[in-house]
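In: Structure for this input, please:
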Amino acid sequence: MTATQRILLGLALGALTGIALATWAPGSALAVADAVQPIGKLWLSALQMTVVPLVLSLVVVGANTATDAAASGRIARRAIVVFLLLLSLGAAVAAIAAPALFTLFPRSGSLTAALSATGGHLPASAPIGWSDWLAGIVPTNAIMAAAESAMLPLVVFAMFLGFALTRIAPERRALAIEFFRAIADAMIVIVRWVLLLAPLGVFALILSVCARAGLHMLGALGVYVLVECIVYLIVTALMLVVARVWGREPFARFASAIAPAQVVAASTQSSLASLPAMIESADRRLGYPTAVTSLVLPMAVSLFRLTSPVQYIVSASFIAWAFGIDLGVAQWAAGAALAVVISLGSVGLPGQVTFIATNVPVAQAMGLPIGPLGIMLAVDTLPDTLATLGNVTADLAATSVVAAQSLKDKA
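Out: Residues are numbered from 1 along each chain as shown. The predicted structure follows:
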């Protein structure tokens with residue numbers, strides 16, 4: 001049995017137990033929920049303790065990786081710009097579409113009360129305004145920002161540190177980058193240890209929630225997966241528009257050419273495994289210059305994952321919907337910006353490690369509770385096929401844009 005299957009089994013057993021208690025033994029349901037709830041909180045806290053050092057290290061290393069890639073020539077620099085623009089576009093679309101979709105579904109009041117018991121909390125203050133948001137972007141004390149889990153200022157500091165390291169002596173830069181890589185690797189090891197207990201942690205969290213909210217929690221998780229799938233399809237379709245408008249590719253030609261790569265993506269759920277098929281589509285079916293495809297597509301697989309910031313924003317939208325929290329424009333902007341930056345550093349991490357290392361900072365930056373994330377981790381693997389399809393389509397759309405610009409330069 002795989003790790004994902006064990007987590008889903010823990011989710012199913014916990015949900016069935018909680019619903020059974022709520023239905024046939026409501027008097028005992030709250031007592032059992034209170035008894036198992038600390039186990040879930042302890043597991044979630046163990047995951048959360050790695051987030052600050054992991055995010056700091058990933059952003060520092062990611063900034064250096066992007067700088068090195070951009071230094072390899074004009075095509076690479078252009079690809080980096082295209083990646084950033086498309087990631088920002090995906091995050092913006094998700095920030096608009098996901099909240100609107102969630103409002104279409106009714107929300108149970110008992111769901112909020114039950115989720116609050118998982119370690120979530122309602123924000124103590126009203127949504128921040130633009131002036132406060134801008135003033136808080138740059139930390140006055142980076143160590144204090146880390147101690148307070150102020151993720152956006154911490155990431156800004158990490159970006160400055162990462163880019164500054166590219167300006168020092170190569171041997172010292174190499175030592176510093178190896179240090180941050182070692183920190184990131186150590187944090188990933190800790191997360192993997194904690195994830196070994198994920199079936200137990202998810203079992204305790206979902207049992208305590210379902211014992212209080214009954215079927216409402218399962219319905220809410222179904223809404224979360226549905227909205228995530230819909231937003232993935234929206235951004236995937238948007239990549240066809242990008243290829244048509246920016247890459248100058250007719251819809252029918254582009255869709256037909258990328259179909260084999262999408263089939264591989266759907267069957268493997270891996271962008272890396274789809275790389276040979278993507279190169280085949282770009283070289284032979286679309287006729288892009290080999291100099292472009294041989295550089296841009298491997299860079300895309302290494303640095304660019306369109307659906308990552310989309311997923312972070314959808315998760316934050318679900319939490320806001322479940323708790324009945326109204327977010328301001330500044331909070332959505334902070335979450336989207338942080339999602340784009342973190343996604344560049346998290347490509348290549350294992351899926352469940354990525355979920356914790358990325359969703360926690362975005363939720364915290366937006367002033368949202370993080371308690372529900374432990375339960376959401378269990379079901380987030382279900383839309384993976386659509387996520388991979390979106391990423392492969394985006395990789396080829398970005399390649400079409402870079403190829404169109406390169407051909408324009410030669411004309």
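In: List the buried residues of stretch 11-26.
Out: Neighbour-count burial for stretch 11-26 flags 11, 14-15, 17-19, 21-22 (criterion: 16 or more other Cβ atoms under 10 Å). Heads up, the C-betas are built off the backbone N, CA and C, glycines and all.
In: closest to R284 among those residues?
Out: Nearest to R284 among the buried residues of stretch 11-26 is L11, at 43.6 Å by Cβ to Cβ.
In: measure the closest residue to Y232 other than its chain neighbours to M159 for me?
Out: Spatial nearest neighbour of Y232, excluding adjacent residues (Cβ to Cβ, 6 or more residues apart in numbering): L386 at 4.2 Å. The gap separating L386 from M159 is 30 Å, by Cβ to Cβ, to the nearest Å.
In: which of these two has more neighbours?
Out: Ranked by neighbour count (other Cβ atoms under 10 Å), L386 and M159 place L386 first, with 21 against 17.
In: Would you agree the more buried one is in contact with L233?
Out: Yes. L386 is within contact range of L233, at 6.5 Å (criterion: Cβ atoms under 8 Å).
In: Where is the longest helix in this protein?
Out: Looking across the chain with DSSP state H, the single longest helix is helix 215-245.
In: Please name every helix or strand in contact with it.
Out: Secondary-structure packing of helix 215-245 (3 or more Cβ pairs under 8 Å, 6 or more residues apart in numbering; DSSP states H and E): helix 3-24, helix 74-102, helix 109-116, helix 198-213, helix 251-268, helix 307-323, helix 373-379, helix 384-410.
In: Quick one: end-to-end distance for stretch 376-388.
Out: Across its full length, stretch 376-388 reaches 19 Å between end residues, using Cα to Cα, to the nearest Å.
In: Give me the mean pLDDT for that stretch.
Out: Averaging the model's pLDDT scores along stretch 376-388 yields 86.
In: Just the buried positions in it, please.
Out: When burial is assessed from 16+ other Cβ under 10 Å, stretch 376-388 yields the following buried residues: 376-383, 385-388.
In: what sits against P99?
Out: By Cβ atoms under 8 Å, 6 or more residues apart in numbering, the contact list for P99 reads 317, 320-321, 327.
In: where's the residue nearest to Y232 relative to I230, distance?
Out: Separation of L386 from I230 (Cβ to Cβ): 9 Å.
In: Same check on A259?
Out: Counting by Cβ to Cβ, the gap from A259 to I230 is 22 Å.
In: When these two are compared, which one has more neighbours?
Out: I230 (15 against 12).
In: Now do the residue nearest to the more buried one when sequence neighbours are not counted, the pLDDT please.
Out: Using Cβ to Cβ, 6+ apart and skipping residues adjacent in sequence, the residue nearest I230 is L101, 6.1 Å away. With respect to pLDDT, L101 has a value of 96.
In: Tell me who's in contact with L101.
Out: By Cβ under 8 Å, 6+ apart, the neighbours of L101 are 227, 230-231.
In: Need the residues you listed in a markdown table (columns: pLDDT).
Out: Below are those laid out as a markdown table (pLDDT from 0 to 100):
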| residue | pLDDT |
| --- | --- |
| V227 | 96 |
| I230 | 97 |
| V231 | 97 |
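In: Any regions of the stretch 101-250 of the chain where pLDDT drops low?
Out: 117-136 (pLDDT under 70).
In: and with 80 instead?
Out: Applying pLDDT under 80 to the stretch 101-250 of the chain flags residues 108-137, 147-151, 214-215.
In: Identify each buried residue in stretch 395-411, please.
Out: 395-406.
In: now stretch 158-178
Out: Applying 16+ other Cβ under 10 Å to stretch 158-178 flags 158-159, 161-162, 165, 176-177 as buried.
In: can I get those in CSV with secondary structure and distance to V296?
Out: Output for the buried residues of stretch 158-178, formatted as CSV (DSSP: H, G, I helix; E, B strand; the rest coil; distance: Cβ to Cβ, whole Å):
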residue, secondary structure, distance to V296
A158, helix, 26
M159, helix, 23
L161, helix, 28
G162, helix, 23
L165, helix, 25
A176, helix, 29
I177, helix, 24
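In: which among the contacts of P99 gets closest to L42?
Out: A320 (25.5 Å).
In: is it true that that closest one touches P372?
Out: No. Assessed by Cβ under 8 Å, A320 is found out of contact with P372, at 10.6 Å.
In: So which of the two has more stuff around it?
Out: P372 (29 against 24).
In: Do I have it right that the more buried one meets I325?
Out: No. Judged on Cβ under 8 Å, P372 makes no contact with I325 at a distance of 11.9 Å.
In: and for these two, which residues touch both?
Out: Common neighbours of P372 and I325 (Cβ under 8 Å, 6+ apart) are I319.
In: can you tell me the helix or strand for the nearest residue to I137 once chain neighbours are set aside?
Out: What sits nearest to I137 in space, not counting adjacent residues and going by Cβ to Cβ, 6+ apart, is V156, at 5.7 Å. Element membership for V156 (DSSP states H and E) is helix 151-165.
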